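I'll drop the sequence and a predicted model, then ask my questions.
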Amino acid sequence: MSDVNVQTKGRRQQNGLACEECRSRKLKCDMAEPHCGTCYNLGVTCITNPLRRPRGPRKGHVKTLKSRIAILERQLYGDSEAHPDTPEHKVDNGECRPLERDKSAEGDISDGAIEDVEAITSHGSGDYMEYLMSAQPIEISKWPGNMSLDFESELDQQIDAFNDHTALSSAPPLMTNLKPTSGPVLENSVIFPDLSPKPLPIPPLVTQPPIQITPLECADLDDLFFERAYLFAPIIHQQHYFARAARVSRMSEPFSCLQHAMRTLAASMGSQFKAILPMLYTRTSGMLDAWDHNTPDEAIPIEIVQAQLLLALYRILKEDPRKGWSSAGHCFHLVHRAKLDQIDSPRIRRLCQLSEVEIEERRRTFWTAYALDRYANLVHELPLALNDQMILTRLPATEAAFQRQGAIKTEFLASAMSQKTKQPLSPYAKSMVIVTILARCLAHRNQCNVERITDPTSQEYLTRHRALDKILTQEIETTLSNISTELEPYNPTRLYIEMIAEAAILVLFTALSSVPEGAQDVYRGYEKRACEAAERIHTQAQRLSQLGFFKVHPFTPIALFICAGFTRSCKSVNANATEQFKDISSSLRYLASANSLAGMFHFELQQSGWNRVETGGL
């Protein structure tokens, strides 16, 4: 008995009872109040049943187990006397005697030991105690003489690490693929697993278990994507997508990643898929991480770029926007690697063998990433990753031409901004032009702040201001007049374009906040125009509540936040500033329930307060 090496430790089970949701999913419950972490993430009610029987040995199990061991010993001893020549006997000084149990493994079977056994086997498949209590005779071999039972913490670490990566709802069986810790391996012997800690590399895509989503739910998620997410991420041709999805046997891993990313973003655009959204997101993130890990130097398929882009949009709009911008930075890197900013360069078009639909999908993927780059610059003043003066990718075609799979030659961004041609642009292409002007106005304001310190007498800011004002004025006249005839007054895209254009006027005005005395006439002239722009944004913001949460363009809160900053910093020259600030703050609070970006802006407005004077940023 003194040879046994059984390490004693406290019970792994925490005080308290796991909730019913964690028990049904076989997850480890943190037993937090009033709801555990799992129920909070899934958005379900956390229910704990205090009347259920606690874990541990049942009454009478210890005595029954002891008597069962005694019966098996007698059977073994009787068989050894009936067959003295069997190899189950030991030879000692020429005499045969039956095989005895290893005394090192013998000890008092206490309630705590049985409880430990049940705690270990309760994670496996089936009731292990019922198996031990079955009446079938078994042969008992010699157990290892030196065995450690202190492997629960390592076991939990490996299971938790595996579950965190694959987002499984149940732990894998523990009694499969087991190895003995020490001693000989004999037939029918009880084998304990080798639970020494090992690094867990990211498994390949094919080994990750699928999420249990019915085909009807998948079809519903696909429809939801094209109904709601396509508004701000029109990067996938609907007919082309469903044709590829129908060829299940030929589906590639990149396309599977894209499907999961589409469905993750779509699930966040409604309330009916709230329960499966965390698993969908974890699964999609794991697939893309595995792709990056396993194929770091290969050519980037367009589906991987699109999937990363959709996942970044999900993180920005539905999780933490600040962390989402980091994911967007990875997307910009993939855009450069895939040369999506050079799609229409003569050299690439000469070698291109893609269809018109595939080329247009790549164009739209680039422009969606381009807009996201500008949004990051506007929100956090992050440096631009995509230079608008080096782009050789044409603006997106009209939606009708895209769905017809027709070939239409659109303008480059530089030509559209200079208005050298009168070719009509789609609303999506017009939004790219307006976003570009808005980003340039912000760059102009930042440059003015630097020049006031390094060269206070410089007049370069005035030249830039007049050039930007001319471009912005022309674009507002042409763009807003065109979309007013193409789109309904309450169309989400129209409201978004109009509000972004008015926000550009506000950013351009704030660049004149500390102009020299000689340019005060320019400041006063633009001050009136900025107040009118703020009033128009205020009027349009009141229409948002009539669209519904998921119909509003998700980046509309950027224009609202710019306007709120203007009304707060220029309240001395704007008689309606107080009312405008409160109404815009209410609009952000309204959108915050379905848009994390709006929630972040509303929180910042509440933290800064009305009396703060805006000095930088938006």
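All right, it came through fine. In this text the structure is predicted, and so the values were computed from the model without any measurement. Numbers count the residues shown, from 1 in each chain.

distance from the chain centre to stretch 265-279, please.
12 Å (Cα atoms, centre = their mean, to the nearest Å).

quick one: mean pLDDT over that stretch.
In this model, stretch 265-279 carries a mean pLDDT of 93.

repeat for stretch 30-43
If you average the pLDDT values across stretch 30-43, you get 85.

any buried residues in it, and which?
31, 35, 36, 38, 39, 42 (16 or more other Cβ atoms under 10 Å). C-beta: built from backbone N, CA, C; applies to glycine.

same question for stretch 251-271.
Buried residues in stretch 251-271, defined by neighbour count with 16+ other Cβ under 10 Å: 253-270.

what about residue 500, how many residues nearby?
Using other Cβ atoms under 10 Å, residue 500 has 23 other residues around it.

how about the helices in the stretch 251-400 of the chain?
Ranges of helices in the stretch 251-400 of the chain, per DSSP state H, counting those that start in this stretch, are 253-267, 277-294, 302-318, 321-337, 346-351, 356-380, 399-404.

in TSV: the ones you listed, plus distance to residue 481.
Shown next, in TSV, are the helices of the stretch 251-400 of the chain (distance: least, Cβ to Cβ, whole Å):
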stretch	distance to residue 481
helix 253-267	33
helix 277-294	41
helix 302-318	30
helix 321-337	32
helix 346-351	33
helix 356-380	22
helix 399-404	20
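
among those helices, which is nearest residue 549?
Nearest to residue 549 among these is helix 302-318; the distance by Cβ to Cβ comes to 11.6 Å.

per the record, what domains does the chain have?
The chain breaks down by the TED database into domains covering 209-379+390-418, 425-609.

by mean pLDDT, show me the worst of those.
Comparing mean pLDDT across those, the weakest is domain 425-609, with a mean of 88.

and that domain, how far out from the chain's middle?
On Cα atoms, centre = their mean, the centre of domain 425-609 falls 29 Å from that of its chain.

quick one: closest of the helices of the stretch 251-400 of the chain to residue 499.
Residue 499 lies closest to helix 356-380 among the helices of the stretch 251-400 of the chain, at 12.8 Å (Cβ to Cβ).

show me what that closest one is packed up against.
helix 238-246, helix 302-318, helix 321-337, helix 399-404, helix 427-454, helix 556-569 (3 or more Cβ pairs under 8 Å, 6 or more residues apart in numbering; DSSP states H and E).

do that again at 7 Å, thanks
On a contact count with 3 or more Cβ pairs under 7 Å, 6 or more residues apart in numbering; DSSP states H and E, helix 356-380 meets helix 302-318, helix 321-337, helix 427-454, helix 556-569.

pull out the buried residues from it.
Buried residues in helix 356-380 (16+ other Cβ under 10 Å): 356-357, 359-379.

now it and helix 321-337, what's the angle there?
Computed by axes from the mean of the first three to the mean of the last three Cα atoms, to 10 degrees, the angle separating helix 356-380 from helix 321-337 equals 140 degrees.

which SS class is residue 548?
Secondary structure for residue 548, judged by DSSP: H, G, I helix; E, B strand; the rest coil, is coil.

okay, now it: neighbour count?
By other Cβ under 10 Å, neighbour count at residue 548 equals 10.

also residue 20?
Residue 20 sits with 17 neighbouring residues when counted by other Cβ under 10 Å.

so how far is residue 285 from it?
Applying Cβ to Cβ, to the nearest Å, the value for residue 20 to residue 285 is 28 Å.

just residue 594 next, same as before
From residue 594 to residue 285 the distance is 21 Å (Cβ to Cβ).
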